[in-house]
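Trainee: please find the sequence and the predicted model below.
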Amino acid sequence: MGSINAPFVVFGYGSLIFKPPPHVQSQTSGFLKGYVRRFAQESHDHRGTPENPGRVVTLIHKEDWDRFSQSDAFPDEDIVWGIAYTIDPEYEVEVRDYLDYREKDGYTMETLYVYTIENGIEQIAIQDAFCYVGRPDNPSFIGSEPLEDLAQRIWASVGPSGPNKEYLYRLAESVRQLAPASYDSHLFALEERLRELDKTANVDH
């Protein structure tokens, strides 16, 4: 049954970028302001296990992250690139249920503005996009970790959805392709370190 409300738009900043939700009518690359994307969420159910949790990205308010960012190599970043998906109204309830299940491990829903750059000018693309945000008080939130420790953890972790490093590699490549201006220094630094770990492992074998 269709929705009579405003279109349901969900902003993806993690695996939703390379594994979109179903029933997408349109999509727009854009960015959020005043947030950071960090591998600060334990993954017990996708890219790790309860005994050996992996790390997946979460979106955190910049002012919240500042309280946990003592180990952050890029403390001044506050822009997050991703994709805003507009969902077919006929399937809104189904997609909401799908996303609630998929993002069940420690995320809550918020609404926020998505910005884009047109002809070199920043403007609001979508005013009320929904987004799954990992709050610092959720049980899976672990805060800031040194880049090297984080890289080692991601490189070694595996869960039901596959190797943790595969998630990072796909995310980094997807973010790089969003727009000419899209970037994420923290994500790209981790990617570089994991590639080095791969090379070392290949040499050892």
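Mentor: Here it is on my side, so go on. Keep in mind the model is a prediction, meaning the values are calculated, not measured.

Trainee: burial count for Ala179?
Mentor: Neighbourhood size, Ala179 [other CB atoms under 10 Å]: 14. C-betas here are computed from N, CA, C, even on glycine.

Trainee: then Ser26?
Mentor: 11.

Trainee: run the chain-centre distance for stretch 91-105.
Mentor: 16 Å (CA atoms, centre = their mean, to the nearest Å).

Trainee: return that stretch as CSV; C-alpha atoms alone will do.
Mentor: Provided in CSV are the C-alpha atoms of stretch 91-105 (Å, rounded to 0.1, in the frame of the first residue of the first chain):
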residue,chain,number,x,y,z
TYR,A,91,7.1,-0.4,-1.0
GLU,A,92,7.9,2.0,1.8
VAL,A,93,6.8,-0.2,4.7
GLU,A,94,8.6,-3.2,3.2
VAL,A,95,11.8,-1.3,2.8
ARG,A,96,11.6,0.3,6.2
ASP,A,97,11.2,-3.2,7.7
TYR,A,98,14.1,-4.5,5.6
LEU,A,99,16.4,-1.6,6.7
ASP,A,100,15.4,-1.9,10.4
TYR,A,101,16.4,-5.6,10.3
ARG,A,102,19.6,-5.0,8.3
GLU,A,103,20.7,-2.2,10.6
LYS,A,104,19.6,-3.8,13.8
ASP,A,105,22.9,-3.9,15.6
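
Trainee: what comes into contact with it?
Mentor: 1-3, 8, 10, 21-23, 41-46, 87, 132, 140 (CB atoms under 8 Å, 6 or more residues apart in numbering).

Trainee: give me that answer again for 7 Å
Mentor: Ser3, Phe8, Val10, Pro21, Pro22, His23, Ser43, His44, Asp45, Ile87, Tyr132, Ser140 (CB atoms under 7 Å, 6 or more residues apart in numbering).

Trainee: strands of this protein, start to end?
Mentor: 9-12, 24-33, 35-43, 54-61, 79-87, 108-118, 121-133, 158-159, 162-163 (DSSP state E).

Trainee: and the first one, what does it pack against?
Mentor: Taking 3 or more CB pairs under 7 Å, 6 or more residues apart in numbering; DSSP states H and E as the contact definition, the neighbouring helices and strands of strand 9-12 are strand 79-87, strand 121-133.

Trainee: mark which of the contacts of stretch 91-105 are buried, thanks.
Mentor: Neighbour counting with 16 or more other CB atoms under 10 Å marks Phe8, Val10, Pro21, His23, Ser43, His44, Asp45, Ile87, Tyr132, Ser140 as buried within the contacts of stretch 91-105.

Trainee: burial count for Asn119?
Mentor: Count around Asn119 with other CB under 10 Å applied: 5.

Trainee: pull out the buried positions in the longest helix along the chain.
Mentor: The longest helix of the chain (DSSP state H) is helix 185-204. Going by neighbour count (16+ other CB under 10 Å), the buried part of helix 185-204 is His186, Leu187, Ala189, Leu190, Glu191, Arg193, Leu194.

Trainee: next, count neighbours for the nearest residue to Ile117 once chain neighbours are set aside.
Mentor: Of all residues not flanking Ile117 in the chain, Ala181 sits nearest, at 6.0 Å (CB to CB, 6 or more residues apart in numbering). Neighbour count for Ala181, taken as other CB under 10 Å: 13.
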